[in-house]
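1. fold the following for me, if possible:
(one chain, ligands or ions: 1)
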Amino acid sequence: MGEYRITGGARLTGEVTIGGSKNAVLPILAATVLGKRSVIHNCPKISDTYCTIDILRGLGCDVGFDGHTIVVDARGIASHHLPEDLMDKMRSSIIFAGGLLGRFGLVVAHYPGGCSLGDRPIDLHLEAFRQLGALVEEEGQVIYARAKKLAGARVVMKKTSVGATQNAILAAVLAKGTTTIENAAREPEIVDLQRFLVAAGAKVTGAGTSTVIIEGVAELGDVEHTIMPDRIVAGTYLAAGAITGGHIRLNNVVYEDIKPIADRLADAGVTVTLEEKAVALAAPQRLAAIDYMATGPHPGFPTDMQPQFTAMLATAHGNSIISEKVFDARDKHVAELAKMGADIRNVDRKRFHISGVQRLHGAVVEAHDLRCGAALILAGLGAYGETVVGNSIYVERGYEAIHQDLQALGADVKFVTARSQNNPKPQDI
Ligand code: UD1
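-> Residues are numbered from 1 along each chain as shown. Model prediction:
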């Protein structure tokens with residue numbers, strides 16, 4: 001547990017390479033329970049990856065992590081019970097339920113960890129299991145799902161959910177017959193999950209569109225896969241470049257995946273240019289306000305970039321409005337940014353009216369969740385004086401070494417192990 005100390009003012013320049021995606025590696029690791037031996041390259045060394053490995057080992061998988069490559073041998077799985085303490089740490093642990101149910105016809109799970117972004121139910125996940133023929137029962141916080149053999153079905157998602165789409169796909173891979181998921185989420189991470197599954201022998205098509213079709217197969221085999229680059233890490237560094245009026249280049253970025261972010265950066269007066277497997281950013285000295293923008297499921301603007309953009313627009317010229325349309329209460333960064341001099345009015349926790357100030361000032365602030373922490377680090381980069389961002393534990397869930405990457409771009413950011421801090425429970429994002 002530590003804190004970040006940032007002395008603002010430097011215009012970022014130079015280049016960094018973006019690593020593997022958190023939101024792709026977690027479901028793909030969960031998918032390994034369906035197969036035999038999986039070799040997965042480009043895995044980010046973040047705490048959520050380690051937590052997911054703990055779950056795999058708890059189930060009886062043999063897991064090695066060397067460099068950025070994880071090897072999972074799932075042939076020895078001996079349990080269908082997802083441990084409560086690990087599920088409490090990480091919401092995405094629920095994605096194990098679909099794979100275990102699909103492979104063994106049985107899973108015992110717990111309601112995943114407390115929620116920092118407002119209400120985050122799992123009703124869509126459980127409904128998908130039921131539509132595939134599972135009997136799902138809940139006793140307090142424990143979930144029991146069983147089925148002799150899942151049967152392919154038409155699964156209609158009432159609401160677009162990344163996690164529920166992934167869980168439905170994983171449950172359907174070994175089911176008897178064909179499953180059609182309608183109103184599926186279209187996030188690039190679901191496309192990466194499809195790539196992994198197809199390479200392992202599954203028959204999945206349509207990921208990236210709102211209809212995913214899965215033809216059940218008898219079993220999956222060995223597979224080797226490379227995790228896609230993290231578009232949210234890339235977006236965070238682009239926002240860092242923008243907030244400092246910088247000129248930076250990010251290698252290993254899929255432009256299509258970050259286009260919703262690049263388009264909004266253009267609205268703020270920033271130029272993002274596509275290069276071969278890279279993007280270059282050139283920002284003006286002061287950004288323009290964005291009259292109105294809203295988050296939404298892909299290809300909308302990602303909610304995981306909303307806190308960083310709120311920080312970025314806090315010093316833009318003019319008034320901006322950001323509407324958070326995915327989560328009910330993703331606003332913890334707002335009060336922290338106010339400590340740094342930001343002028344943000346928060347309407348019903350989902351709509352932020354931002355009056356751009358000339359500059360923020362350094363302050364002692366706290367990360368309350370992963371992207372809140374990232375937003376505060378960015379705010380510190382653009383502020384006068386020193387900013388201390390506490391509770392690094394949240395940031396470490398999703399950024400392998402944010403301080404080192406920003407240092408490489410010329411920022412003055414130090415990671416310091418804190419002497420005494422309270423011990424918050426990590427919350428999944
Ligand atoms: C994933 C991402 C997270 C991102 C989010 C939205 C991972 C590990 N996490 O989270 O970083 O912020 O997508 O892009 O990939 N909902 C229900 N019932 C359900 C499930 C979801 O009502 O059963 C609601 C949620 O409360 C939320 C919305 O659907 O309002 C979207 O959530 P969802 O797409 O499921 O997010 P996650 O998969 O948890």
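2. nearest residue to the residue sitting furthest away from the middle of the chain in space, please, no chain neighbours.
-> Note on the chain: the largest C-alpha distance from the chain mean falls to K148, namely 33.3 Å (C-alpha atoms, centre = their mean). Using C-beta to C-beta, 6 or more residues apart in numbering and skipping the chain neighbours, the partner closest in space to K148 is G105 (6.0 Å). From N, CA and C alone the C-beta is placed, and that goes for glycine too.
3. and if you look at A240?
-> L378 (5.1 Å).
4. ok, now which ones touch the one you found?
-> Contacts for L378 (C-beta atoms under 8 Å, 6 or more residues apart in numbering) come out as T236, A239, A240, I243, Q308, A311, M312.
5. what residues does the stretch 251-400 of the chain put near the ligand?
-> For the stretch 251-400 of the chain, the residues found near the ligand under the criterion C-beta under 6 Å from any ligand atom are T303, D304, V326, F327.
6. helix or strand for G235, which one?
-> Taking DSSP states H and E as the criterion, the element that holds G235 is helix 231-243.
7. one step back: the residue nearest to A240 in helix, strand or coil?
-> helix (DSSP: H, G, I helix; E, B strand; the rest coil).
8. the ligand versus that one, what's the distance?
-> 18 Å (C-beta to the nearest ligand atom, to the nearest Å).
9. for R103, same thing?
-> 21 Å.
10. that residue and K89, how far apart?
-> Summarising the geometry, the distance separating R103 from K89, computed by C-beta to C-beta, to the nearest Å, is 23 Å.
11. re earlier: pull up the per-residue confidence for the residue nearest to K148.
-> We note a pLDDT of 95 for G105 in this prediction.
12. tell me the phi and psi of it?
-> phi 70, psi 20 (degrees, to the nearest 10).
13. repeat that for the one 3 residues further on.
-> Backbone geometry at V108, expressed as degrees, to the nearest 10, gives phi -120, psi 120.
14. please report phi then psi for the closest residue to it other than its chain neighbours.
-> Closest residue to V108 in three dimensions, ignoring its sequence neighbours and counting by C-beta to C-beta, 6+ apart: H81, at 4.5 Å. The phi and psi values for H81, taken as degrees, to the nearest 10, are phi -110, psi 120.
15. circling back: contact partners for the residue nearest to K148?
-> Taking C-beta under 8 Å, 6+ apart as the criterion, G105 is in contact with R146, A147, K148, K149, L150.
16. what is the neighbour count of the closest residue to the first one other than its chain neighbours?
-> Nearest-residue entry for R146: L106, 4.8 Å, with adjacent residues in sequence omitted and distances by C-beta to C-beta, 6+ apart. In terms of burial, L106 registers 15 neighbours under the definition other C-beta atoms under 10 Å.
17. can you check R91 too?
-> 23.
18. cool, and the one 4 residues further on?
-> Each residue near I95 was counted by other C-beta under 10 Å, and the total is 27.
19. right, and it touches V162 too?
-> No: using C-beta atoms under 8 Å, I95 makes no contact with V162, being 9.6 Å away.
20. in the stretch 101-250 of the chain, which residue sits closest to the ligand?
-> Among the residues of the stretch 101-250 of the chain, G163 lies nearest to the ligand; the distance is 2.8 Å by C-beta to the nearest ligand atom.
21. okay, now the unreliable bits of the stretch 51-200 of the chain?
-> 114-119 (pLDDT under 70).
22. around the ligand, which positions in it sit nearby?
-> Contact residues of the stretch 51-200 of the chain with respect to the ligand, defined by C-beta under 6 Å from any ligand atom, are listed as 91-92, 119-125, 159, 161-164, 185, 189.
23. any idea which of these has the most stuff around it?
-> Counting neighbours by other C-beta under 10 Å, the top entry in those is A164, with 29 neighbours.
24. please identify, among the contacts of G105, the one with the most neighbours.
-> Neighbour counts for the contacts of G105 were taken using other C-beta under 10 Å; the highest belongs to L150, with 26 neighbours.
25. go ahead and confirm that one touches F104.
-> No: contact criterion C-beta under 8 Å: L150 and F104 do not qualify, at 10.7 Å.
26. okay, and which of the contacts of G105 map to helices?
-> Of the positions in the contacts of G105, not one sits in helices, assigned by DSSP state H.
27. figure out how far stretch 347-356 is from the centre of its chain.
-> When C-alpha coordinates are averaged (C-alpha atoms, centre = their mean, to the nearest Å), stretch 347-356 and its chain have centres 23 Å apart.
28. just the strands in the stretch 251-400 of the chain please.
-> In order along the chain, the stretch 251-400 of the chain carries the following strands (DSSP state E, counting those that start in this stretch): 271-275, 278-282, 293-294, 319-323, 343-347, 351-355, 364-366, 386-390.
29. sorry, that was for the stretch 101-250 of the chain
-> With DSSP E, counting those that start in this stretch as the criterion, the stretch 101-250 of the chain has strands at 106-110, 135-139, 142-146, 154-156, 178-182, 203-205, 211-215, 223-226, 247-251.
30. and the fifth one, what does it pack onto?
-> Taking 3 or more C-beta pairs under 8 Å, 6 or more residues apart in numbering; DSSP states H and E as contact, the helices and strands that strand 178-182 lies on are strand 154-156, helix 162-172, strand 211-215.
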